[in-house]
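Participant: one predicted model, sequence on top.
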Amino acid sequence: MAYKIGLLGLGTVGTGTAQILLDTNGRHPLLQGLSLHRVGVRSLSKSRGVELPEAILTTDLEEIVTDPEVDIVVELIGGLEPARSLILKAISHGKHVVTANKAVISRYADEIFTAANEKGVYVMLEAAVGGGIPVIQPLKQSLGANRIHRIMGIVNGTTNYILTRMQQEGADFAEVLAQAQQLGYAEADPTADVDGLDAADKIAILASLAFGGRIKLSEVYCEGIRNINASDISYAERLGFVIKLLAIASRDPQATLENDLLSIRVHPTLLPKAHPLASINDVYNAILIEGEPIGQVMFFGRGAGAGPTASAVVSDILNIAALLNTPVSGELNPLMSCTHQHYCNLAPMEDLMTRFYARFVTQDEPGVIGKLGTCFGNHQVSIESIVQIDTHGELAEIVVVTHDVREGNFRRALDEIQSFNVVNRIPSILRVL
Ligand SMILES: NC(=O)C1=CN([C@@H]2O[C@H](COP(=O)(O)OP(=O)(O)OC[C@H]3O[C@@H](n4cnc5c(N)ncnc54)[C@H](OP(=O)(O)O)[C@@H]3O)[C@@H](O)[C@H]2O)C=CC1
Ligand SMILES: N[C@@H](CC=O)C(=O)O
Ligand code: NA
């Protein structure tokens, strides 16, 4: 049976997707039953990286999502609007939807999946997290037997590229960001990447799948990499760590059905060099999932780019085509659809148990380290190491690494330390895995 695709967007990922759909030799035979029926763009005069009959291009995207001949709408325009409205309109016209749009899914999953379930259509999003890395379908299907305890990943390629270059060359953030922009890795407006927002969208989606409920994006803690500087990277290195932007979602091990708290956060993290995520460099992504009984499983690959992302988009199209070819009961396949009804409860950050790294600039005089130690002790913050790493004239740089402590206690100790006359400033506070 042949299925018709309405493609919205012919940019980086749209072009990669069209290229696969038009070059099916040696790929899955189901691809031969798919045809690219309409393609929606903003500008008809742009030159494209793929040759298409002129007649299938249009700037009227509504016409595509309401076209009675289209079976599957593939949304690759990005942004919130008109992407959200077009997805909803496609669903209301009975189209299955494939999207790479993590920004829309992380904000409007409830609205979109409720509409899709009512209409009996699928909304697939493998490309939205980790680009070409299979992680959405594995969570929905292959790992379905597990109780997931934790998902931890490097899910933003731009920031991983920047941190890798800073680590390898001792360069500062602003310098590497400018190079990343010149190379086309970071957007002209790099906010969503460097401030952790893109990673927050992605971990909210993964957490929803892993823990079986909806996530309010506004409750996800998010801290980016703008304040990471060459000194911290170098001190971290001397202490046996690398700094990575981690997205982490975990369930309290003591969770019960009545008292189920999740912790979902994005922040730069000091990772021991031997940790499996510590060697994920450049624009690569990796996602480490821990569950029972599987233990640890890690997914690694290219999290962005035309080909890798289109690979995920087309795999979603194939999954839908395969289901459409199978005799149907009228019900959606529960391993492919999303039926979450409730919102998960997220624990406040001040209750998080984590290790910390903090760098202090203080007067270089006797008793300072003792004062810091006493104050931390008074707030139940147990210190793993405290060392004076450098001196600059009358000022000393002191680095503290704690054991696992309650974040709220650590913050209260810092508030007090900040008021000490001998403390000039606290330039860096980072969590440690
Ligand atoms: N790039 C990547 O590596 C990855 C991207 N994604 C996601 O994939 C999606 C697409 O990203 P990407 O391909 O990079 O984006 P691009 O900016 O390269 O392409 C966007 C496309 O959508 C079209 N478009 C945008 N707005 C409109 C509109 N209002 N009306 C009509 N057409 C419109 C543009 O038309 P025109 O060409 O005429 O300007 C362009 O063809 C996004 O959701 C992104 O987050 C996910 C993983 C990786
Ligand atoms: N901007 C993202 C790419 C798409 O998800 C990144 O840098 O990883
Ligand atoms: Na993916």
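Facilitator: Arrived safely, thanks for sending. Ligands and ions are numbered 1, 2, ... in the order given.

Participant: break the chain down into its domains, please.
Facilitator: The chain is divided into the following domains under automatic domain parsing: 3-131+306-339, 136-302, 352-432.

Participant: out of these, which is closest to ligand 3?
Facilitator: When the domains of the chain are compared by CB to the ion, domain 3-131+306-339 sits nearest ligand 3, at 3.9 Å. Every residue, glycine included, has its C-beta placed from N, CA and C.

Participant: thinking again about what came up before, so can I have CSV of the domains of the chain showing distance to ligand 2 and mean neighbour count?
Facilitator: As requested, these are exported to CSV (distance: least, CB to the nearest ligand atom, whole Å; neighbours: other CB atoms under 10 Å):
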stretch, distance to ligand 2, mean neighbour count
domain 3-131+306-339, 6, 19
domain 136-302, 3, 19
domain 352-432, 21, 16
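
Participant: nearest to ligand 1, of these?
Facilitator: Taking CB to the nearest ligand atom, domain 3-131+306-339 is the member of the domains of the chain nearest to ligand 1, at 1.8 Å.

Participant: mind listing the helices for the stretch 301-433 of the chain?
Facilitator: Listed in chain order, the helices of the stretch 301-433 of the chain (DSSP state H, counting those that start in this stretch) span 306-325, 368-378, 407-418.

Participant: rounded mean pLDDT for the first one, please.
Facilitator: Averaging pLDDT along helix 306-325 yields 95.

Participant: output it in CSV with nothing but the alpha carbons.
Facilitator: Listed next in CSV are the C-alpha coordinates belonging to helix 306-325 (Å, rounded to 0.1, in the frame of the first residue of the first chain):
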residue,chain,number,x,y,z
ALA,A,306,20.9,16.6,8.4
GLY,A,307,21.6,12.9,7.8
PRO,A,308,21.5,11.6,11.4
THR,A,309,18.4,13.5,12.3
ALA,A,310,16.6,12.5,9.0
SER,A,311,17.5,8.9,9.8
ALA,A,312,15.3,9.2,13.0
VAL,A,313,12.5,11.0,11.1
VAL,A,314,12.3,8.4,8.4
SER,A,315,12.4,5.5,10.9
ASP,A,316,9.3,7.1,12.5
ILE,A,317,7.6,7.3,9.1
LEU,A,318,8.4,3.6,8.5
ASN,A,319,7.0,2.6,11.9
ILE,A,320,3.7,4.3,11.0
ALA,A,321,3.7,2.8,7.5
ALA,A,322,4.2,-0.6,9.0
LEU,A,323,1.3,-0.2,11.4
LEU,A,324,-1.0,1.1,8.6
ASN,A,325,-0.1,-2.0,6.6
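
Participant: quick check, it touching ligand 1?
Facilitator: Yes. Applying CB under 6 Å from any ligand atom, one finds helix 306-325 in contact with ligand 1 at residue 309.

Participant: counting contacts, what elements does the helix-or-strand element of the chain with minimal mean pLDDT pack onto?
Facilitator: The weakest-scoring helix or strand in the chain, judged by mean pLDDT, DSSP states H and E, is helix 173-182 (a mean of 88). Using 3 or more CB pairs under 8 Å, 6 or more residues apart in numbering; DSSP states H and E, the elements in contact with helix 173-182 are helix 157-169.

Participant: give me the contacts around the helix it packs on.
Facilitator: 131, 154, 171-173, 176-177, 179-180, 185-187, 190, 193-194, 196, 198-199, 224-225, 228, 230, 233, 237, 242-245, 268, 280-285, 302-304 (CB atoms under 8 Å, 6 or more residues apart in numbering).

Participant: check stretch 296-309 too.
Facilitator: Stretch 296-309 is contacted by residues 12-13, 15-16, 19, 100, 127, 130-135, 138, 143, 155-158, 276-277, 280, 283-291 when judged by CB under 8 Å, 6+ apart.

Participant: what about ligand 3: which of those touch it?
Facilitator: 130, 133, 135 (CB under 5 Å from the ion).

Participant: quick one: those as TSV, columns for pLDDT, distance to residue 219 and secondary structure too.
Facilitator: Shown next, in TSV, are those (pLDDT from 0 to 100; distance: CB to CB, whole Å; DSSP: H, G, I helix; E, B strand; the rest coil):
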residue	pLDDT	distance to residue 219	secondary structure
130	96	22	coil
133	97	26	coil
135	98	22	coil
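
Participant: of all those residues, which comes closest to residue 330?
Facilitator: Residue 330 has its nearest neighbour among those in residue 135, at 29.7 Å by CB to CB.

Participant: count of neighbours near that closest one?
Facilitator: 29 (other CB atoms under 10 Å).

Participant: separation between it and residue 97?
Facilitator: Distance, residue 135 to residue 97, by CB to CB, to the nearest Å: 19 Å.

Participant: same check on residue 20?
Facilitator: In terms of CB to CB, residue 20 sits 18 Å off from residue 97.

Participant: now do residue 331
Facilitator: Using CB to CB, we find residue 331 at a distance of 18 Å from residue 97.

Participant: need the contact partners of stretch 281-295.
Facilitator: Under CB under 8 Å, 6+ apart, the answer for stretch 281-295 is 129-131, 133, 135, 139, 143, 145-158, 160-161, 164, 185, 206, 210, 276-277, 280, 296-305.

Participant: minimum distance to residue 346: which of the domains of the chain has it?
Facilitator: Closest approach to residue 346 among these is made by domain 136-302 (4.5 Å; CB to CB).

Participant: for ligand 1, tell me whether the closest one is touching it.
Facilitator: No. Counting by CB under 6 Å from any ligand atom, ligand 1 is not contacted by domain 136-302; separation bottoms out at 7.8 Å.

Participant: so how far is that domain from its chain's centroid?
Facilitator: Distance of domain 136-302 from the chain centroid (CA atoms, centre = their mean, to the nearest Å) equals 6 Å.

Participant: hang on, isn't residue 132 packed against residue 311?
Facilitator: Yes. Assessed by CB atoms under 8 Å, residue 132 is found in contact with residue 311 at 4.5 Å.

Participant: what sits against residue 57?
Facilitator: Residue 57 neighbours (CB under 8 Å, 6+ apart): 10, 39-41, 44.

Participant: if you could redo that for residue 378, that was the one I meant.
Facilitator: Contact analysis of residue 378 by CB under 8 Å, 6+ apart lists residue 413.
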